[in-house]
Structure formats: C-alpha cells, structure tokens
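[1] this one's sequence-less:
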Ligand SMILES: Cc1ncc(C[n+]2csc(CCOP(=O)(O)OP(=O)(O)O)c2C)c(N)n1
Ligand SMILES: Cc1ncc(C[n+]2csc(CCOP(=O)(O)OP(=O)(O)O)c2C)c(N)n1
Ligand SMILES: [Mg+2]
Ligand SMILES: [Mg+2]
C-alpha cells in the first residue's frame, strides 16, 4: 500500500474534504503560504483559493467563535493553530460556547467545528510553545478529542471529524509529522472512541497516546528481547475513551503502564488508571504506573528537555517494574 | 469560639489582608457595592477606598494580566470573578503567563496573585454559570488551587494565598457561603497541601472536596447508623494534593470513594484514584468509586439539576457498595 | 447635540424628536404593538416571578428597552440570524419565536424553547435562528461567523447581534469589529447603551462615552441614536440590514436607552444606590412606548380603544403562556450522553468509506523536529 | 504625507527627514552606538546560528529595527519596566541587561539570563526589569499591570511595552488600551509596524493601515513616525516617557519600520514570496543606521575611524559573549518542583499566625443559594 507521512496524510484529508463538500473551509494564520503549517496545507490554496483557506488575523478567540457561527450557516469549518499554546486565547469560545452548543439548544443545533492544534516539542520551543492540554479538553463535555499517532489515523480521524456533527479537537504532535504509514487513497473514516492494539502481549498493558505511541512500541521491542511480552494500546482518541479495549487488555495482563505526553497530575494517564481501577481495582497484580512529563513547564535547554521528555528506556523500566513487583506468575486468560 | 459564615470569613480575611499590607488590593466587577460579591467584599470600600477595591471593566483577561504586572511592581493583587465561567476569558493570561512566570524567570521572579472564583450552582444558573474547572487548574504546573469547604479554611487559605509567593486559584462554591464554622479572629494561615480528616473511621475512606465535604459528612452520618464507619477526608487544596493523608487512610480502610463536584472524566476524582492506586493498587479490597457530576453541561431545570448533582444518598450508596463488595473482613491496621 | 452621549441626552431634557412624518401607519402600528406586547409580557413575568417562585432561573428583564427588538422584529427575515446577550426576551420575540416556549423555558419545562436546559440567560431558538447566551460578548463573536458563513456560501441572509455597552469592554468585541470591517461582512451590531453594567456606570469602566467613535475608527459605519425613539431606531436598523443584505458590509448602531427594572430579577436593586431617582425618573418620562403613543394619538393611528385591545390580547396571550408553562411537564430521565453529543453522523456516512486498518511500521525512527 | 502609512512611505521615496539640528551630539552618538552594536550582535548570532547549530531555540532577529530599542535605551531608568514580544534582543539590551547572559540563554546554558529555561522568545531579565514572551500581546497586557502597580503605590516608574502591529489584532490589546486610558496609567505603547505578521501583510489582516487612529479613539494620545529615523523615534519616546512619569497618562507610538531578516531564524524566508525584492530593497536603502550615519558624517559626529572603533569593540564583545556561552555549563539535575513553585513564604511567615484547627459543625444544613 501507499506510504505517506503524517503531514501528507493530513494534507490529503483536508484536500479531499474540500473537494467532497463546498461547506468545508479552513482558517488559520499563514495556512495559504508554501510552508503550509508543516506542509499540512501546502498546495491547497492553489487548488481551492483564498475564500476556502482564510489567512486569519491573529485573533484565535474570534476565529473559534466565527467557526461556530459559520457552522450555524451550514459550514464545516476547520481551524488551525500552529501551536497549541496559541489557542489558550480561545478557551472561552470553546468552554462556554462550542462545547455546550448542542446541550444548550437541547440537541436542536450541532456545531461541527474541527480544531487542529500542533504541539511544538523539540528544538528548544520552550514553555510557551510546547504545551499539550489534551487532558483539559477531555474533561470537557460536548467536545471530542483525537490524538492520532499514525498517518493512517491522522487522515481518517480528520475526515471523521470534519464530516461528523460534534466539535472536535485534533492534537497533532510536531514530532510525528515526518513519520510514515500506509495510507489508503480513498476518503475513509476512523471512528472516535476505538483504541487499537498495536502489539499483542500477555505480560503487561502499555497504554500510550499521540507522540508516546512510537516510543511505547520501541519500548516493547526492547522488552521483547528480555522475553517480556507487552501489549501496546494506542488510544487514538482520549474523548471518548475506549474503556472496553483497555479493560480487556488489563484483565488479561493484570498490569498497567500508561504513557502520556503531558503533565502528570490530573492527566489522561490519571483517567486511564481511574477507569481501569474502577473496573479491576481489586484484581491488579501490581500497582499501575504512569509515565508523563514532570509537573513542570517545558524548559528550552536541550539538557533539560532530555530530562523532561520520557523515552523508551523509561517506559521499559516502568514495565519491568510492574512485571517484577509480584511473582512472575502468568495470569490466566480472562 | 466565634462563629462566622463562609462569606463573612472571606470578608474578614480580605479586610485583614488590606490592613496588614498596603501592597494588597482587590479588583473585580462590582466589588465596591453593598452587594459585595455575596457579601464577601461588603463594607470594605468604606474602609479602604476605591483605589484598593477596583471595580474593573468587563475584561477578565486584562484583569488577570494586570494583576501579574502589578505583582511585578510589588503588589499582592486579589482578583475576583463572580462566576467561574467568566474567567474562561482569562485562560491565556493564566496558562501562558501567570502559571509559568516563576519558571520562565528561572525562579528570579514570583507572581503572588490570588484569583477568587465563585461556582454558581443553584437556582437554575444553567450551563454558563455553574462550571467548576478545578481539575484543569490542578493539572497546570506553577499554580496552586484551594477549595476551602469551611469558613475556617476559607479565611486561612485566603490569607496564606495572599501573603504566599505562588499564584493561587481559590474556588468558592456559592452553596457554602451561608455555612458557619468557628473562625479565630486573628489573621491565621492554613497551609496548602494539607488535607484534614473530618471524621475518623476504619471501614472506608470517603474523600471529598469543596461543596462535597458537607455532603460527605452527612453521608457518613447516615452510614454510621448502619454501623459503617467512614473516614471522611477534606482535601482542602487540590494542588498540591496531600497524597500522604490519602494513602494513610486508604492503607487502613482498603476502600476508597471520591466525591468531586465536577465532571467525572479527567477530574480531581480521577487523580485521587490514580495516586492511591499508584501506591496501593495491588492492595485494595474493592474497586474504588468516584461520585461526580455526569459528563454533561449543567441543565437549568430543577428536575434535571436534581439528577445532575449527587447528594448524600448517592455517596452513602457508593460507600455501601465498596464495603459490601468483598467480605466484610476488617482490614488490619496498617 | 453634537455628539450623542448619555450626559447630552439628560442635558437636553425630555425628548421631542420623535416624528411620524412620512411614516407608514401600518409599520408604526406594528412597532407599537410589538413594544406594548413585550412590555406587558415582561411585566406579567415580573409580577409572577416571586410569589410563585416557579421560574427558578436568573432573568434579565428589559422594561424600557423595547425599541431595538421592535425594529428588528420588523426587518429580519425568518432565515436571518439574531444573536442576543443575557437580556434576551425582546430578541427572542423579535425573531417571532413562540411565547409559550419562552415562558415554559423559564419554568424549566420540557416544552421550553430549550427543553429547560438553558433558561432565560442562555435562551435560543435554533429553528427561528435566534441565539442567546450569558457570557458577555460571546454571542457577538459568534454572530461574525454566521455572517462569514453566509458570505462564503453566497447567501442573502444577514446576521444581527444585540448587546449592551459593557460588551465592548471585552477584547473579543474588537476582534469582531476588526474582522467584520476587513471582510465587509453582512452584519449589524446593535449596541443598547443603557449606561450600566449591572450597577457600574459606563464612565467608571470606559474612558469616555464614545463607543461609536471607537468602532468607526475601524472603518465600520456607525450611527448613534436616541434609543427610545422607535421610529428612529427602526430607520437605522432598516438601513443597516438593507446595506448588509446588499453586500455593503457591516453597520454599528448605538442606541442610547435605559433599563427600568433591576439588573436581574423582578425586584428593584435601587437599594444599592448606583443610580439616582432623578435619572430613573427622566428615563421613565422618556418611555419609548409613551413617546410613540403621544404622536400616534395625535395622528389618530392609536386610540384608547385600539390600545386597550392590544393590552387585552397581550395580557391574555401571556396569561395563557404562563398557564401552558405551568401545565407542562418537567424533563425527566436525562440522557446525559445524548444531550452533549450527537450520535448520528449522516454526512460522514454519506461521504466517507469504512475504515481499513493500517500496518504502522514500528521500527521507523522518531525524528525530532528542527528549528521552527 | 498626510496620514503616515506603509504605502505613503513607499510612495514618498527615500527618507530625507532625519535632522540633527539642535540635537545633543553625545545623545546622538549613544543612539548610534547602540544601534550599531545591536546590528553587529544580531549579525554575529545569525552567522553563528546554523553552522554550529548550538543555539537550539527559535530566534526572531531584529535587523533593520534597531531604532526603537536605541531610543528606549536612552530614556528608561533602571527601575522602569520594559515588556517585549518574541523579537526580544533589542529590548533586552535597551534595559542594559548583560550580553553574555543573553547569548548564554540562546545556548541553553545555566549562565543564561534565565538559566536556559526560556530561550530567545521567552527571554526576560527580572533584575533589569525587562520581561519578554512569545505569546502575542500577552506582555502588553502585563505591562498595564506594572503601570497600575506603580500608580497605586505612588511610584515614579514608567512601564513601556514594545510589540508589532499584529499584536493589535488580539482583543486583549484593546482591553489594555481601554484601561490605560481610563486610569491614565504611566504607560508607553511602542508599536513597531513592520508591515508583516510572519508572512502576512497588514492589509490582509486589518481593514486599513490606521492602528494609531483606532487607539486615539480611546482617548490615548498617539504619534505615528517614520521608525527608521532614530532621532524622531527618540524624541517621541522621550516625550512619552516624560509625560508618563509626570502622571499625564499613556502614549501610543507607532513606528513604521521593516525587518530585513526572515521572520524567525537566520535564513531568508523570501522563498515564500510574501514580499518583493523591491520592497526589501527600499527598506535596506532606508537603513536606520545608514540614515543616521549620513548626517553624522556630515556634521562630523562620526568618522570612518570612530565607526571602526565601535565595530571593533562590538565585534569583540559579541565574540566574547559567544565564547562565554559556549564555555558555560548546561543546566543539570532539574528540581522541577522548585522551578515551578516557591517553597518559602517570607511575607506569610512575618504577618500571619499559625493555624489553629476548627470544629466544623457537620450537622448544619446545606442551604441552596437563591436566585442570583
Ligand atoms: C464574561 C462575563 N463577565 C461578567 C459577566 C457578568 N455580567 C452579567 S450581565 C453584566 C452587565 C452587562 O452590561 P451590558 O453589557 O451593558 O448589558 P446590560 O445588562 O446593561 O443590558 C455583567 C458584567 C458575564 N455575564 N460575562
Ligand atoms: C497568540 C499567538 N498567536 C500566534 C502566534 C504566532 N506568531 C508568532 S510571531 C507572529 C507574528 C507577529 O507579528 P508582529 O506582532 O507584527 O511582530 P513582528 O514579528 O512583525 O515583529 C505570529 C502570528 C503567537 N506567537 N501567539
Ligand atoms: Mg448596559
Ligand atoms: Mg509585524
């Protein structure tokens, strides 16, 4: 099958969406230049023109509200933030309006707005350019949150969001843009709320999201050489969360490690641990472990960045810990 | 000892802070009228004048940034939001500036700003007037978050925040304003990160926060009549979280119920379950349970409000569940 | 008056400018009827509010501010968009949304405009394209998007947004003005300057009484008018809506008016001493209904009898609406998930293929992004 | 030129207005030296950036925009506040913060101005009261607070905030202007209008080239000036700072200028074709240094020799700073908790009593709050 980078897959999804329906338009700063938000919009303005790719003023808050308003006029807007940090200006629009639009209209009016947001990690982006607040948005009713880890899912979740009826946040990690995957040519969908088992194993469940998925897979490779058999789950969307896939795996392995590229406290990792413990809390063979960023803003300096971002070795160590903690008795199949 | 309402205790704390230091000032809409934000500022303008109680324009974002700037000039600002929902406009100022001010200055500059925010629950406040996003703020490094449940703690945490060096959010539930407690007259402090055991018991740990604390205590009374002995923990601050007090209790009771007045997913309740399971996850006698608001915006209608907000009966039922689930063998003391 | 301001209006004494010369009598009668009906409905709701205590939600009444909704009622098409702030009832009725559903909403009933989910301050009627909300200036920003959507799809509909003078203190207001001017959107701003944000007077919050001047500096045409002259308000609104519909861009209308009732709820808040009896008296003396009725009586377009009939009909209408609300059932057994998320995906079903799954190559290396 | 705009400046041809008449030669020499030093430092950093790839952070250079920082360098006291956006180096040096610490910060070293935590775009020097940050307009809003703090405590210090024309698109900018005007704060806004937000020209984002007109409508005095005439910029800044210090309120200065380098990083971004060679050529021809040097050479305030000396000294200084940065250690073993939270509470320790504990009465009933 055809291989595309994550950035190319997004670009293709956007191009197909613009083709499929005249109600789709994109808005964001500098989306109509060749640089095209890391290549994800490059070439689209030549095909669709400036009335479908709006280079928006630096007014993130209005951009979000305007997307909601345009949705009322039948449009399916996609708005784009070059950094997740920039969209902090738009939180009133999201929290008080977009996410509760359907609710306050008693289900009569939906707001199919897609918000793309890029997490800046890398090359000393520093504290105002590398946040990822996916935990916040997953706390919020009425909004869906996707964190595609592969080019395949980036395209399918983008299309599912644009042509779905709920407002959606798509969190894209800059470090994933150059990674490749098989990507079908047709306009296909990846559903919300369905995690995928990226690797099967019986010794421990390693749940990861977004940029931590490739890291988790590398950790699993390391552990395989030590005969530790890890099941790697890619959540794909953090709202809704696929509790069934999670619990199926943990009821088999009885051991859980969660890898989440975000601050540790009150994170998606905490939620994953909570939903698993709610169901299986008296049947775990080891205390669950989460591997996150420290509860600290992101430092610019390379040495501090290395200490800040966990890698495959830390994940592997965490899995060894949950496996070694109790006797290495293989749990019976659930 | 002297009894004050929660609102009176806050009023006294603010008055004492204004007296203790000329660098303290308050800002917020309509704080200098007799209504005084539910009585919490009534009478202060007569004592301290309009240059220390600034009736701010309807510009929550600027108010927050201006508080930070004023702190750089040596002030200790207290800003006030009549509803938590209104401060959504100020999130850029908090997330990208206030909470990371110390960090980005490498510890050279602190921002002692206190943000008071009122959660509106009750009398059909509806979806834009009853949110409580304390989970969000507890996820954020660099910010402290207090949720005083009693008049005593409301005063002590307010003073500790105003004269401490870290930016702090104080979440006040409107339903607590009329509740009384013993409140010492002097200007005293209540530390951050110290939970309090409001009632001891050995059968289950019931952890509550803010407006759920009185509810939890009522649930404990109900259960006491059934000879279920509940330990009620009032977290008091959700950032920092007092993990030691939590784990001490659960290692004794082996059973955990968390009551959190907020949406269920990715909540403080999830974090409490996560920190407990991280330490004790393979030693629980029952799956932990959280009692939260549903993952839904707040309806206005009274019948829906009643279904939305959990009460003491639901808490009691949850405790019965965790106690009944496994054999009622009393765990040995830890 | 060179520049219209609240101070200038007070200084000029009782308003004498309302003129029916050249006006269409039917139009004037409709404006009058709308205002009188609105007044009677609001008064009935205020009277009913407390003794019964069944409308369990904050309500911001609009007695004294009937003119702008009346003008909008006249000019807006069914498919036009009308956005409102917390003081929503006039705007709701301006879009011809049903009175019974309004009152039932206040009572939190399933038959309410929003099934009792929203209440007065978050009221909307999507089918009538009226959308309100309590967070200041939020709906103004959304109204820009509806105008943008119409412009992008080449529609003929106009977007109108009504709000108070305090809404201009939120930064997003100026983002809205900048963008509306930049794109010449089919948008009408209606700013009801009633002097107060709750209890705080404008000059405590803004450097001067010159909102329109500030908006004009962005290149948006503005009109400042005495807002209790419904004929003048209607004329401004009609012109602005027509220009917007013809693709001539946005207009900002500032109507100077005054709220008689307390900021929220039916009871007076004058114990807070934020406004003088004199001031309130001046504005009651400049009642938008009375100013119009004086002229209509003179010209014979209104008689004691014809007024009495409107009063009777409106009173009966609101009484029936209140009864309807009281008789309606409360919502039960909420489906929280369905209330917050749509389950169906008709567009995606029609346009997209089913998902295949991929074979992600887990051995490829992670490349840390470069400089920017 | 009636109204100064980018178009009018281009149309007028090469600038001829720079005049040294009546100027203090020492002042002019200091302005020149500052600009030349800044130019040389930025150029050296640009040259060093890529071959070495050791400055691992996004840097927004300011070649061509040296005049405003030079003017501020001249007028600000040590205790005055200076706020900056992402393009921070000129502002940092304007507050006399040490060059070595700047460069070490870019290299992410422990000896950096912020210990390598912040980098170029989030740079600050609290001890010199210079504060930057990369989120557009955020620092403008904070600068209002510093001015408010000074006003409330009766201090004499002035707050100055430097930013680009795009910062005025964020709503919070207008909240800042409204409040600064309302309270007549000791604040100076310095808007460097360099025509672009990254690659997007002003007229693609704003209805017209009239930011100052919009600000003036809030009652803030404004000055629009040709920003590459450092003498004019200095005069404006000096007047504004003096007025602010005397309690006469805020001033908004818009300096029309141009950035020679790419938006971010040392490499050209002209492959994006967002600006013409002609336009860049025009502005290089109107180099703020060259315009000044021509007049200084005429008046004998500068000679080839004296310039050569500044070049040599500055080159040595930046070379030493780069060497210092390279030789400095990287930060190690981070204390995440301490980096984000202060552990000490000196004020609370001094002013507050130890906590007693209370006996909360758990039997009191919960009272659901009333209407509002
Ligand atoms: C973001 C936000 N901040 C504060 C409030 C509280 N609030 C409700 S109404 C109001 C006054 C609004 O005044 P104005 O916009 O002039 O409208 P009016 O009530 O006078 O009709 C305020 C401040 C709010 N609803 N939203
Ligand atoms: C809130 C926010 N949105 C977007 C950006 C991305 N951004 C960085 S610099 C820039 C352009 C700024 O232009 P201007 O303010 O004119 O300053 P200049 O770069 O021209 O000096 C933008 C849009 C940002 N830093 N912050
Ligand atoms: Mg008003
Ligand atoms: Mg610029």
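    Yes, it's here. Only a predicted model underlies this, so the values are computations on that prediction, with no experimental measurement involved. Ligands and ions are numbered 1, 2, ... in the order given.
[2] The lengthiest helix in chain A - what's its average pLDDT?
    Longest helix in chain A by number of residues, with DSSP state H as the criterion: helix A:6-20. Taken as a whole, helix A:6-20 carries a mean pLDDT of 98.
[3] Output the contacting helices and strands for that helix.
    strand A:24-28, helix A:36-39, helix A:44-48, strand A:76-81, helix A:151-163, strand A:180-182 (3 or more C-beta pairs under 8 Å, 6 or more residues apart in numbering or on different chains; DSSP states H and E). Just so you know, the C-beta spots here come from the backbone N, C-alpha and C atoms, and that holds for glycine as well.
[4] Out of the ones you listed, the one nearest residue A:197 is which?
    helix A:151-163 (13.6 Å; C-beta to C-beta).
[5] The closest one to strand A:76-81, inter-axis angle?
    Here helix A:151-163 points in a direction 130 degrees away from that of strand A:76-81 (axes from the mean of the first three to the mean of the last three C-alpha atoms, to 10 degrees).
[6] Name every strand pairing with the very next helix or strand once past helix A:151-163 and say which way it goes.
    With elements assigned by DSSP states H and E, the helix or strand that comes after helix A:151-163 is strand A:168-173. Using DSSP bridges, the strands paired with strand A:168-173 are strand A:114-119 (parallel), strand A:144-146 (parallel).
[7] and for strand A:168-173, what are the contacting residues?
    Here strand A:168-173 makes contact (C-beta atoms under 8 Å, 6 or more residues apart in numbering or on different chains) with A:6, A:10, A:40, A:84, A:113-119, A:121, A:132, A:134, A:137, A:143-148, A:154, A:157-158, A:161, A:192, A:210-211, A:261.
[8] Check stretch C:22-39 too.
    Residues outside stretch C:22-39 that contact it (C-beta under 8 Å, 6+ apart) are C:20, C:62-63, C:66-67, C:69-71, C:73-74, C:89-90, C:93-94, C:230-231, C:234, C:288-289, C:292-293, C:296, C:299, C:301-302, C:307, C:310-311, C:313-314, C:317.
[9] Which members of those residues are classed as buried?
    Among those, those classed as buried by 16 or more other C-beta atoms under 10 Å in any protein chain shown are C:62-63, C:66-67, C:69-71, C:73-74, C:89-90, C:93-94, C:230-231, C:234, C:288-289, C:292-293, C:296, C:301-302, C:307, C:310, C:314, C:317.
[10] Can you give me every residue that contacts the residue in the stretch 151-300 of chain C that ligand 3 sits nearest to?
    Nearest residue of the stretch 151-300 of chain C to ligand 3, counting by C-beta to the ion: residue C:164, 3.4 Å away. Neighbouring residues of residue C:164 by C-beta under 8 Å, 6+ apart: C:85, C:87, C:191, C:192, C:193, C:194, C:197.
[11] Kindly list the main-chain dihedrals of it?
    With angles defined as degrees, to the nearest 10, residue C:164 sits at phi -100, psi 170.
[12] which bits of chain A sit near ligand 2?
    Residues of chain A lying near ligand 2 by C-beta under 6 Å from any ligand atom: A:29, A:58, A:60, A:86, A:89.
[13] Now the stretch 101-250 of chain C against ligand 1: closest residue?
    In the stretch 101-250 of chain C, the residue that lies nearest ligand 1 is residue C:164 (2.2 Å; C-beta to the nearest ligand atom).
[14] and that residue, what are its bridge partners?
    residue C:192.
[15] Which pLDDT value goes with the closest residue to residue A:299 other than its chain neighbours?
    The shortest distance from residue A:299 to any non-neighbouring residue, by C-beta to C-beta, 6 or more residues apart in numbering or on different chains, is to residue D:117 (4.9 Å). The model reports residue D:117 with a pLDDT of 98.
[16] Good, we can wrap up now.
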